[in-house]
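> structure for the following, please:
(2 chains)
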Amino acid sequence: MFLRSCAVVLIAAIFYSQPTLAETKSNVTIAAPWEVASYDPAVSGYAIQKLEIMENLVDADEAGTLRPGLATSWSVSKDGLTWTFKLREGVTFHDGTPFDAASATSALERAWKQPGVLSKAPVKAVSAVEGSVMFTLVKPFAALPALLAHSTTIIPAPTAFDDDGKPSALIGTGAFKVKKFTPPQSIDLERNDAYWGKVPTIETASYLASGRAETRALLAESGDADMVFTLDPSGYSRLAEVESVKTIAVPIPRVVTLKINASHPFFANAKARQALSLAINRSGIASAITRFPEAAAGQLFPPALNIWHDPSLPRLEYDVDKGKSLLTELGWVAGEDGILIKDGKRFSILLRTFPDRPELPLVAAALQDQWREIGIELEVSVASYSEIPAGHQDGTLHVALFARNYALTPDPIGTVLQDFGPGGGDWGAMGWQNAEVAKALDIISSTGDQEKRAPYIANVARILHEELPVIPIVWYQHTVAIASGLQGVIVDPLQRSYGLSKVSWSK
Amino acid sequence: MTSAHPLFSAFLQRGLQALIVAVIVGVVSFTMMQALPGDAAYRIAAGRYGYDMMDAAAAETVRNELGLNQHWSIQLISWLSALAQFDLGRSLVYGTPVVDEIATQLGYSLLLAGGAVLISIIIAVPVGVVAGLKPGGAIDRLTLGVSILLRAIPSFALGVVLVLVFAVQMRLLPVAGFRGLEHLILPSLTLGLGLAAVSNRVVRDSVVEALGSEWRLFSRTKGLSARRTATRHILRNASLPVVTYVGVQMAYLIEGVVIVEAVFAWPGIGHALVHAIFNRDIAMVQGTALTLGLIYVLLNLFIDVACRLIDPRMRSQ
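Take a look at the predicted model:
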């Protein structure tokens, strides 16, 4: 009897959940690997921004061109030290409180004092001036508007903080407001009918964080999720065969890169770094591991970064013999087991990487194999990615493998400056200095005039290509599976938005 | 001196145990987190800001904000004294109160664990009884084989197979998430099958033992029908080891929950604990470990009480 009643409950539950098929859907479900557990823009901003819950003063299109967001216009003083962002009028937060200069200023001041892109800009003060936000700088910095388009500079409502000033709610001005938040797995959204811009077509949306790539592929295949982001190679190729789903791969400005400690005696000479690069079979890695053969990195900046990518640069080549002879020039001699020896020291090094991006340990294993060909013994340590900046700081790092996004902000200068500016960066050059690059970066960051910047950008790209303070391996492809009936999907290579406000279901 | 009511003494004993568990779990998890290699400030900063934003400067901000420079003894004492005031603190990574996070996650995990135990009982009891009634028979051997197979499949693989069959092929159930009761079925089934694979054998063994016992022969000789013997004596006697075994299965459940929660994107406590350890979120690890420890104590209490109610001999002791 008990068994029978249980079965009845189960069957009832199954059929109760089946949607009525006749109606046009008005809900979109997104599945992505990233868990969202915090209300803090500095921590979860990337998801809050993509879901269009909170917005920036400055917006950007898919090509990275800046356009008005919560600020309608901006201007800079002649000396380049004062920026004024004129705010949009008549905008309200989801709870009905008004968006004004005071709320924007306090949000940006907070962002400036937290770790994030703004904290690294030469900002002296942020202040509210009648309907505008004013930034005072220490020195001219042309990329400031681009930083204000970043996910850590989104504007939460003052009411999104508790009495201690800790973030405690997801309240913004965006096209969607939060109906229910179950950290870290899901966010349910509903359309903000009072939105200042074009009100979305879909009524509700939900975000489901699912860390396992297998689960995400199954969610796409079964139709449980309508937009699924970041697929693994096997899931991607299987979904390409499924009729109810479209698969898209968009090149994004993220690059699988090797960071080399140039202050280590083995790597101080650029020839040694070139030898490491020559021994890497990039097309092999790109076709066997990441499975997009065209994404083998011929240079550091991928084509998605059209201003920084220079098609005239010769591709980084794969030439084991040339690599070997460069190392012989530097005085390395093969020992009994084939590993190089110089001054009694074996060419044995440690590579640090991490498992969060599943392809990285595989690429590391491929490198282990390929570098052995030129007589380098590589030990691989797969641990937390925080070991990489830690190793940079205490100087113990030899080589690190990671995936770097060069377009954290629509203008890559912020990231490039951080990585290759004076002193190098935690995720960039280590023990490598170049006066010409430093000077060029200074000029690039101080002006927004593309014509003036272009020759300096080309010069930086060329020097990085020759000196190889970091060695690029493959460019990233952003893989997405989308339900066939969903229209108006734009996959943003800058990954600032899922484009929920623009999609609709075909009738 | 008259002894206290046995049930009362069980409560008292377990209450004391809970207190000891709380202190030991707190101190041990704190020590283990301290002993892990690597700089906690870097790990916490990594968990908070993600690798695009995480760097040495972020780690230093975290170190200063959380007072990670303080001597470990000061950090431990401040956690213990906060605990004495029932304050578990805030997540070092997310900044949200630990108690809120645990309340949400524990609810989901208990739901999942409850579903799994229910399914395992629904499967294991009838299967075990039928197999035990005829030991060595075809059904007994078949269920043994299936049990070994199910227990040998990792719950991760079993979950994916179930999703492929029921969600992708048959479209009967959702793949993952937690919107309604239908989302509970596949993860519970994944865990429940693993549990039932062992517990049906425990049921079977106790049925076999009960069937061969002298008291069964006696109850039949004194004139009770086979049916009454089964319901009044065999089931009662056979259920004792089964109830105790459900408690033992808690360990399998916690281990299984971690994996099943990840496969089914279920916002539970096991999944959260793994993340907290990885991100060196000491407050979350301590809070979660404490909660799990206390659940063990509570569960043991339930089992004590249940056994006393089932077995009249224990009541009079």
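
> how near is the closest residue to residue A:294 other than its chain neighbours to residue A:304?
Using C-beta to C-beta, 6 or more residues apart in numbering or on different chains and skipping residues adjacent in sequence, the residue nearest residue A:294 is residue A:286, 7.5 Å away. Just so you know, the C-beta spots here come from the backbone N, C-alpha and C atoms, and that holds for glycine as well. According to C-beta to C-beta, to the nearest Å, residue A:286 and residue A:304 sit 15 Å apart.

> test my guess that residue B:246 contacts residue B:117.
Yes: shown here, residue B:246 and residue B:117 form a contact pair, counting by C-beta atoms under 8 Å, at 6.7 Å.

> right, and residue B:237 touches residue B:213 too?
Yes: taking C-beta under 8 Å as the definition, residue B:237 is a contact partner of residue B:213 at 7.3 Å.

> contacts for the helix or strand that contains the residue nearest to residue A:294, please.
Per DSSP states H and E, residue A:286 falls inside helix A:282-288. Residues outside helix A:282-288 that contact it (C-beta atoms under 8 Å, 6 or more residues apart in numbering or on different chains): A:292-298, A:316, A:318, A:363, A:366, A:473-474.

> tally of neighbours for residue A:480?
By the criterion of other C-beta atoms under 10 Å in any protein chain shown, residue A:480 has 23 neighbours.

> per-residue pLDDT, it?
Residue A:480 is assigned 95 on the pLDDT scale.

> can you verify it is assigned to a helix?
No: per DSSP: H, G, I helix; E, B strand; the rest coil, residue A:480 lies outside any helix segment and is strand.

> show me what contacts it?
A:227-229, A:231, A:247-250, A:491.

> can you tell me which of those residues is closest to chain B?
Of all the contacts of residue A:480, chain B sits closest to residue A:228, with 10.6 Å by C-beta to the nearest C-beta.

> so the closest one bridges to which residues?
Here residue A:228 sits in beta bridges with residue A:31, residue A:481, as judged by DSSP bridges.

> for residue B:237 and residue B:213, indicate the residue with more neighbours.
residue B:237 (19 against 14).

> what's that one in contact with, if anything?
Residues in contact with residue B:237 (C-beta under 8 Å, 6+ apart) are B:206, B:210, B:213, B:215.

> quick one: it from chain A, how far?
According to C-beta to the nearest C-beta, to the nearest Å, residue B:237 and chain A sit 21 Å apart.

> residues in contact with the residue nearest the centre of chain A?
Centroid-nearest residue in chain A, with C-alpha atoms, centre = their mean: residue A:405, separated by 4.6 Å. Applying C-beta under 8 Å, 6+ apart to residue A:405 gives the contacts A:252-254, A:415, B:52.

> now it, what are its backbone angles?
Main-chain dihedrals, residue A:405, degrees, to the nearest 10: phi -100, psi 110.

> now residue B:71
For residue B:71, the backbone dihedrals (degrees, to the nearest 10) come out as phi -60, psi 150.

> and residue A:154, what does it touch?
By C-beta under 8 Å, 6+ apart, the contact set of residue A:154 is A:41, A:45, A:48-49, A:54-56, A:107, A:172.

> including neighbour count and secondary structure, could the contacts of residue A:405 go into CSV?
Below are those laid out as CSV (neighbours: other C-beta atoms under 10 Å in any protein chain shown; DSSP: H, G, I helix; E, B strand; the rest coil):
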residue, neighbour count, secondary structure
A:252, 21, strand
A:253, 26, strand
A:254, 23, strand
A:415, 23, helix
B:52, 18, helix
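
> state the pair within these that is farthest apart.
A:252 and A:415 (13.3 Å; C-beta to C-beta).

> need the residues touching each of these two.
In contact with both residue A:252 and residue A:415: A:405, A:407, using C-beta under 8 Å, 6+ apart.

> quick revisit: of the contacts of residue B:237, which one scores lowest on pLDDT?
pLDDT is lowest at residue B:215 among the contacts of residue B:237; the value there is 79.

> and that one, how many neighbours?
Neighbours of residue B:215 (other C-beta under 10 Å): 12.

> show me what contacts the nearest residue to it once chain neighbours are set aside?
For residue B:215, ignoring the flanking residues on the chain, the nearest one in space by C-beta to C-beta, 6+ apart is residue B:233 at 6.5 Å. Counting by C-beta under 8 Å, 6+ apart, residue B:233 touches B:210, B:215-216, B:219, B:224.

> change it to 7 Å
Counting by C-beta atoms under 7 Å, 6 or more residues apart in numbering or on different chains, residue B:233 touches B:215-216, B:219.

> take the residues you listed and keep only those in strands.
In strands, defined here by DSSP state E, there are no members of the contacts of residue B:233.

> correct me, but residue A:35 touches residue A:209?
Yes: assessed by C-beta atoms under 7 Å, residue A:35 is found in contact with residue A:209 at 4.3 Å.

> what's the local residue count around residue 61?
In the absence of a named chain, this looks at chain A. When neighbours are counted by other C-beta under 10 Å, residue A:61 comes out with 14.

> actually, chain B is the one I wanted.
By other C-beta under 10 Å, neighbour count at residue B:61 equals 19.

> quick one: it from residue B:45, how far?
Applying C-beta to C-beta, the value for residue B:61 to residue B:45 is 7 Å.

> and the helix or strand where residue B:13 lies, what's buried?
Assigned by DSSP H and E, residue B:13 falls within helix B:6-35. Under the neighbour-count criterion of 16 or more other C-beta atoms under 10 Å in any protein chain shown, helix B:6-35 has B:10, B:14, B:17-18, B:21-22, B:25-26, B:29-30, B:33 buried.

> nearest to chain A, of these?
The nearest member of the buried residues of helix B:6-35 to chain A, counting by C-beta to the nearest C-beta, is residue B:33 at 13.6 Å.

> dump the residue contacts of the closest one.
B:280, B:282, B:285.

> 6 Å instead, please
Applying C-beta atoms under 6 Å, 6 or more residues apart in numbering or on different chains, one finds that residue B:33 lies in contact with B:282, B:285.

> the spatially closest residue to residue B:209 that is not a sequence neighbour: neighbour count?
Nearest non-adjacent residue to residue B:209, counting by C-beta to C-beta, 6+ apart: residue B:238, 7.6 Å away. The tally of other residues near residue B:238 (other C-beta under 10 Å) stands at 24.

> wait, doesn't residue B:238 sit right on residue B:208?
No: the criterion here is C-beta atoms under 6 Å, and residue B:238 misses it with residue B:208 at 9.1 Å.
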